[in-house]
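S.K.: model this:
(2 chains)
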Amino acid sequence: MLAYVVRRLGALVMILFGSSFIIYNLTAISADPLEDLRNSTEPNRDQLILNLTRDLRLDLPPPVRYFVWLRGVLGVFFGRADFGQTREDQPVISEIIGALPITVRLIFVATIVAIVLGIGLGITSALRQYSRFDYSMTFFAFLLYSLPIFWVAVLLKQFLAIDFNDFLVSAQISLPAIIFASIFVGFFWASIFSGTRKRVLIIFGVAFLGNTIFLSLISATKWFLNPTLGPILILLLGIGIAFGITYLSVGLENRSALKSAVFSATVGAILYFPAQLLLDSNRPRVGLLFMLILLIGTALLGSLIFSRIDRGPIIRTNLITVIIVGLLIVVDKLMQSWRPYLENDEINFRPVSTFGQSTAWLFEVPFWVRSLDIVMHMILPTIALTLISFAGYIRFSRGTLLEVLNQDYIRTARAKGLTERTVIMRHAFRNTMIPITTILVTDIASIVGGAIITERVFGWYGMGTLFNKAIVSFDLNLLMGVILFLSTLAILANLVADLLYSVLDPRIRVGAGK
Amino acid sequence: MARKSNQVSNNEESILESNENAIFNKETEGLSQGQIILKRFVRHRAAMVALFVFTTLVMIVYTALDWRIGDPRNPRFTIPGWWRYGFEDILDLTAEGCPEGTLGCPTIDFVPLVDGDGVALGQHPFGQDNIGRDYFALVMRGAQRSILVMFIIGFIATAVGTIIGAVAGFFRGWTDAVLMRLVDFIITIPVIIIGSVIGFHFGNKGAAFLALLLGLFSWTGLSRLVRGEFLTLREREFVDAARVAGATNRRIIFKHILPNAIGVIIVSVTLLMSGAILLETALSFLGFGVTSPDVSLGLLISNYQDAFTTRPWLFWYPGLFIIAIALCVNFIGDGLRDAFDPRQRRRLSKKDKETARQMQTRSEVV
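M.R.: Numbering: from 1, shown residues only, chains lettered A, B, ... in the order given. Down below sits the predicted model:
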């Protein structure tokens, strides 16, 4: 395993060397940073040209210049890397260190959301092959494939940000909007749980009514102006989640698993109270870590108390449950900061931001208000990036699951008398995940490209902005720095996917000789 | 009761399954591979609709404006288009029928019954931009550029990708190693980055030249697929047979293996083309693609994204054209994939089930 990783890292260095050589020479040959000066009429023109030539080493031919640049970069291995200076005499590395986390944050969240939603929808669509749901998902995926991200981004700005902010003035949902949304939700669930006409109608009715009541409550209580979950709602949601996760992972008939999951959810919800103290302390990050430890402890305890045999899957179920409960507690904490955030002078009741990665003039606010600010800035770009990348996951997971369901081992599993849930979740789903890891890799490369455009539309100061600046100002050092980091990111994702491969599929042993 | 009906349906399913092959075999009796594929493709409804819409779009878009051959300012020869304005004509802004405070709004009328005028194009169907140019003409010009770029990228990527993939897969060894490392080098850089670098420096040399260069960097995915296909196909008996018969390498590659890999290539190329149109529009949006005075759909959106609140039509129409083109190409690609996939079975229709039942009863009688 270690030898494999080392070999792959060696290959990574080789690939980076090759791709950076190509792109360096391509840019150096095609761009002429002296062009402006040549056409200028300043009296000291020749002197300026000489200075610039010396600064950028334009006297050397591009391939030689590449190796000069490479010598600085290879300093990484000796502890003194030198990525050169930008045209504004800033070290490239400091610019990148400022911008990289912003882009990585965006890409990371969007990828996770896209994977979870995409695989979920894709698998549902495959299990309901040739249903209306399946057809509409196929069309939806193709539509998303064909959407230009910059176009979607501008639409999101208008329809999500500006309209939502306008909506917050009253925070009341109009009756037609409620009915329309409920009809949509009704259709959604009815088309997933297809069956006899009576069954479909019942499901439609239940979903329609439930959604109408839910939205009316939200509208009547002006929930959006003062959102909160509170311990009771967290407890109820947590128990619901415990049931759901247990159903998906080991099945509700496994009583000890169900008991321990409900136990974990309940204790997790009770932890809401000490969590408030922890999260309000003046070191909220430490508090978060402490809370996480408490929650994991709860999960392990729950599975120890209630189960004697086959603890592995139960521990997994409990862990997923408590982590979701923990997320709910954090969301609640963020919601508590909603009101102070809205009332802040810089925000002024327009919380969904369309520009920048955070509000620059937000001074002396508590940690959670600042976090909320970052979250609100992330919403739109994340949705835009997710929308264009999860179509691929829908299509691919659908196709793969259908293929897997045709395999002999699925037939065998059914013949053994396993429940349909076990067949799908244990036998089919796990095997579906293996090919999906491969598109994860190509997707990361395209999502990086998407991030460049998204950052432009939403005015984030990330790698995309640096990249733009580098191209427009012929800044070769900056450009190479950006590309080097972005391609390293893409290739590392590739490596991680390969390692995941071996985790998911015991037949594949990485590094097992040639 | 429920159990019984379940049994019945199970029984029926097994009847269907046993006769399914017979139905499909009968359908393809006496047809060549190409005919079978064509038949499957024609049956794919979404793909046929997409093909129709796409052809119509291309015809409308390319005949709308004047074709000027020679120097555009002083053409030697002009083929007139059916639309009354050119994309460079600067006209007076009209305020007729516009909401308060806006100029040059669209006159197109989709809904026949609302004002009783019927469906009509009007003077400026998509409105006018801020200096008075007819927006319909601009969108047509932009769509022309985008479709052109799409086809050029598709063509070049197909040619380069197929040849490199074929050579790598067929010869293996160090040829393969060198070529595939080259692919690795290019594939790790996000396309939009290469595109921006190229586009910024060569975008002013015209859309066709830009497309040519972009095509030279878009073949990598295709070449990997073709290589994989060649690696399996070259071990097959018909290749050995050809070699024993004395065929040269070139002949084996182009006459024997390539026709067998054509399905993979065609499908991948259509998907590549829909990616290409999005790439071009994205680059133009960033300012690294087609630059003014020429027009591209991405450039139009980029120019007017801030006008969205006041004059949304400047934003809607180019976007809708991008989506329409990309969606059509995607659906055509999907249809082709289904048509080329030998495992692909269409869903049994009622008629098929009827046939199956008849076949079953017949066999029982016999």
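S.K.: quick one: the residue nearest the centre of chain A from chain B, how far?
M.R.: When C-alpha atoms, centre = their mean is applied to chain A, the residue found nearest the centroid is residue A:109 (2.2 Å). Computed as C-beta to the nearest C-beta, to the nearest Å, the residue A:109 to chain B distance reads 19 Å. Glycine gets a C-beta too; all of them are placed from N, C-alpha and C.
S.K.: Can you classify the closest residue to that residue other than its chain neighbours as helix, strand or coil?
M.R.: By the measure of C-beta to C-beta, 6 or more residues apart in numbering or on different chains, the closest residue to residue A:109 outside its immediate chain neighbours is residue A:382, 5.3 Å from it. Three states are possible here, and by DSSP: H, G, I helix; E, B strand; the rest coil the one that applies to residue A:382 is helix.
S.K.: Quick check: residue A:382 touching residue A:106?
M.R.: Yes - counting by C-beta atoms under 8 Å, residue A:382 does reach residue A:106; the two are 6.7 Å apart.
S.K.: Comparing the two, which residue is more hemmed in?
M.R.: residue A:106 (26 against 22; other C-beta atoms under 10 Å in any protein chain shown).
S.K.: Quick check: residues of the stretch 151-300 of chain B near chain A?
M.R.: Within the stretch 151-300 of chain B, the positions lying close to chain A (C-beta under 8 Å from any C-beta of the partner chain) are B:181-182, B:184-194, B:196-198, B:200-202, B:221, B:274, B:278, B:281-282, B:285-286, B:288, B:298.
S.K.: Return a PyMOL selection command for the buried portion of the residues you listed.
M.R.: Taking 16 or more other C-beta atoms under 10 Å in any protein chain shown as the burial criterion, the selection of buried members of these in PyMOL is written as:
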select buried, chain B and resi 182+184+185+186+187+188+189+190+191+192+193+194+196+197+198+200+201+202+221+274+278+281+282+285+286+288+298
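S.K.: So which of the residues of the stretch 151-300 of chain B next to chain A belong to helices?
M.R.: Using DSSP state H, B:181-182, B:184-187, B:191-194, B:196-198, B:200-202, B:221, B:274, B:278, B:281-282, B:285-286, B:298 are the members of those that sit in helices.
S.K.: List, one by one, the residues from the stretch 351-500 of chain A near chain B.
M.R.: By the rule C-beta under 8 Å from any C-beta, the part of the stretch 351-500 of chain A lying against chain B is A:442, A:445-446, A:448-449, A:452-453, A:456-457, A:467-468, A:471-472, A:479, A:483, A:486-487, A:490-491.
S.K.: Can you say which of these are buried?
M.R.: Among those, those that count as buried by neighbour count (16+ other C-beta under 10 Å) are A:442, A:445-446, A:448-449, A:452-453, A:456-457, A:467-468, A:471, A:479, A:483, A:486-487, A:490-491.
S.K.: For residue A:60, which residues are in contact?
M.R.: Each residue near residue A:60 by C-beta atoms under 8 Å, 6 or more residues apart in numbering or on different chains is listed here: residue A:68.
S.K.: follow-up on the earlier one: show me what contacts the residue nearest to residue A:109?
M.R.: Under the criterion of C-beta under 8 Å, 6+ apart, the contact partners of residue A:382 comprise A:106, A:109, A:110, A:113.
S.K.: Between all of those residues, which two are separated the most?
M.R.: The most widely separated members of the contacts of residue A:382, counting by C-beta to C-beta, are A:106 and A:113 (11.1 Å).
S.K.: Going by neighbour count, which residues of whichever strand or helix holds residue A:246 are buried?
M.R.: Assigned by DSSP states H and E, residue A:246 belongs to helix A:230-249. Neighbour-count burial for helix A:230-249, with 16+ other C-beta under 10 Å as criterion, is recorded at A:231, A:234-235, A:237-239, A:241-243, A:245-247, A:249.
S.K.: Now do the SS call for the residue nearest to the centre of chain A.
M.R.: Three-state secondary structure (criterion: three-state DSSP) places residue A:109 in helix.
S.K.: again, but for residue B:156
M.R.: Here residue B:156 is helix, with the state taken from three-state DSSP.
S.K.: show me the contacts for it.
M.R.: Contacts here follow C-beta under 8 Å, 6+ apart; on that basis residue B:156 touches B:211, B:212, B:215, B:216, B:218, B:219.
S.K.: Among these, name the buried ones.
M.R.: Buried positions within those, assessed by neighbour count (16+ other C-beta under 10 Å), are B:211, B:212, B:215, B:218, B:219.
S.K.: In the chain, where is pLDDT below threshold?
M.R.: In the absence of a named chain, this looks at chain A. A:79-81, A:194, A:362-363, A:441-442, A:508-514 (pLDDT under 70).
S.K.: wait, chain B
M.R.: Regions of chain B meeting the criterion pLDDT under 70 cover residues B:1-21, B:23-24, B:70-73, B:95-97, B:99-101, B:108-122, B:342-353, B:355-357, B:359-366.
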